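Colleague: Whatever this is, show me its structure:
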Amino acid sequence: MKIKDIVCALGQFAPLPLQESYDNAGLQVGLTEAEVTGALLCLDVTEAVVDEAIALGYNLIISHHPLIYRGFKSLTGANYIERCIVKAIKHDIVVYSAHTNLDNAFNGVSFKMAEKIGLQDITFLEPKTESDVPAGSGVVGMLPTPVKDIDFLQHIKQLFQVGCVRHTALNGRMICKVALCGGSGSFLMDEAIRQGADIFITGEIKYHDYFGHGEDIILAEIGHYESEQYTKEIFQQLIRERFPEVPVRLTSLNTNPINYL
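Modeller: Numbers count the residues shown, from 1 in each chain. Next up is the predicted model:
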């Protein structure tokens with residue numbers, strides 16, 4: 001089984017044309033004609049993740065966040081990105097990333113969040129009507145049974161292993177309709193309100209966005225990494241279903257650069 005076969009499958013699941021204009025998803029480092037020895041799945045590519053792949057003898061790293069966002073005029077090991085690139089090349093490791101194309105894909109990042117929460121009747125919050133395949137930003141769905149706001153947020157904190165849930169004021173409302181978006185999804189707040197969601201959950205919300213929504217919706221911010229951490233499971237399921245003979249492992253490392261006291 002060649003690396004390019006897995007890359008092709010990833011591209012079919014989350015087509016690169018679905019990525020946003022600022023993004024750099026796709027093949028980051030390496031040549032894909034080699035036989036795959038194993039795939040290590042992560043949210044972020046760090047030096048420790050590359051070391052983990054080396055220790056496992058795996059020659060493919062699949063990440064959600066791209067290692068490379070912009071071009072380089074030199075590779076001197078001046079920062080961790082350059083060091084990752086050099087180390088991956090030295091050890092013949094391919095790095096592939098599925099970022100906003102996976103955010104926008106059907107059964108992508110936000111769908112995985114909704115699955116973990118147990119939402120039903122899940123649809124895109126903001127469909128991309130210009131796409132040739134089902135695509136969009138965020139999702140909205142229903143809880144099977146309404147839950148009091150504080151109890152629901154406590155469940156979310158535990159489920160996503162959140163150090164601190166930031167949210168607007170609670171008033172004891174029952175949560176039934178849930179809108180969410182992995183990563184930085186605050187641009188979808190107005191659409192969540194328009195669709196009558198009781199709560200909108202995302203990874204990052206700006207300070208001033210918290211104002212003026214007390215009567216409309218509960219806003220909850222759970223952290224960028226925390227909201228996308230289960231993305232690795234999307235890669236894992238795809239590879240195990242399509243290529244069951246390929247060794248695949250979720251990274252053992254927490255690559256979240258944010259810590260909580």
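Colleague: From now on I want contacts and neighbour counts done on CA atoms only, so please keep to that.
Modeller: Noted.
Colleague: moving C-terminal of the longest strand anywhere in the chain, what's the next helix or strand?
Modeller: Ranked by number of residues, the top strand in the chain under DSSP state E is strand 136-148. Where DSSP states H and E defines the elements, the next helix or strand beyond strand 136-148 is helix 149-159.
Colleague: quick one: that following helix to chain centroid distance?
Modeller: Helix 149-159 sits 20 Å away from the centroid of its parent chain (CA atoms, centre = their mean, to the nearest Å).
Colleague: Tell me the secondary structure at the spatially closest residue to residue 45 that is not a sequence neighbour.
Modeller: Distance criterion CA to CA, 6 or more residues apart in numbering; nearest residue to residue 45, sequence neighbours excluded, is residue 67 at 5.9 Å. Three-state call for residue 67 (DSSP: H, G, I helix; E, B strand; the rest coil): coil.
Colleague: For residue 67, grab the count of nearby residues.
Modeller: Number of residues near residue 67 (other CA atoms under 10 Å) recorded here: 23.
Colleague: ok, now which ones touch it?
Modeller: 28, 44, 45, 81, 97 (CA atoms under 8 Å, 6 or more residues apart in numbering).
Colleague: What does the pLDDT read for it?
Modeller: On the pLDDT scale, residue 67 is placed at 98.
Colleague: any idea how far it is from residue 43?
Modeller: Going from residue 67 to residue 43 by CA to CA, to the nearest Å gives 10 Å.
Colleague: Also residue 2?
Modeller: Residue 2 is 23 Å from residue 43, by CA to CA.
Colleague: of those two, who's got more company?
Modeller: residue 43 (26 against 13).
Colleague: Can you list phi and psi of the spatially closest residue to residue 15 that is not a sequence neighbour for me?
Modeller: With CA to CA, 6+ apart as the criterion, residue 15 has its nearest non-adjacent residue at 6.3 Å, and that residue is residue 101. Taking degrees, to the nearest 10, you get phi -60, psi -30 for the backbone angles of residue 101.
Colleague: Tell me who's in contact with residue 101.
Modeller: By CA under 8 Å, 6+ apart, the contact list for residue 101 reads 14, 15, 16, 17, 18, 19, 20, 25.
Colleague: How confident was the prediction at it?
Modeller: 98.
Colleague: what do you get for residue 20?
Modeller: 97.
Colleague: How is it classified with respect to secondary structure?
Modeller: coil.
Colleague: I'd say residue 234 and residue 110 touch.
Modeller: No - Residue 234 lies out of contact with residue 110 (CA atoms under 8 Å); the separation is 10.9 Å.
Colleague: and these two? which has more neighbours close in?
Modeller: Using other CA under 10 Å as the criterion, residue 234 and residue 110 rank with residue 110 on top: 32 against 17.
Colleague: Quick check: the residue nearest the centre of the chain vs residue 162, distance?
Modeller: Centroid-nearest residue in the chain: residue 228, 3.7 Å away (criterion: CA atoms, centre = their mean). Using CA to CA, residue 228 is found at 12 Å from residue 162.
Colleague: any idea how far the nearest residue to residue 111 once chain neighbours are set aside is from residue 50?
Modeller: Spatial nearest neighbour of residue 111, chain neighbours left out: residue 139 (6.6 Å); criterion: CA to CA, 6+ apart. As defined by CA to CA, residue 139 lies at a distance of 33 Å from residue 50.
Colleague: More neighbours: those two, which one.
Modeller: Per other CA under 10 Å, whichever of residue 139 and residue 50 has more neighbours is residue 139, with 31 against 24.
Colleague: what residues go with each domain of this protein?
Modeller: 3-101, 106-227 (automatic domain parsing).
Colleague: Compare those domains and report which one is nearest to residue 256.
Modeller: domain 106-227 (5.8 Å; CA to CA).
Colleague: average pLDDT across the closest one?
Modeller: 96.
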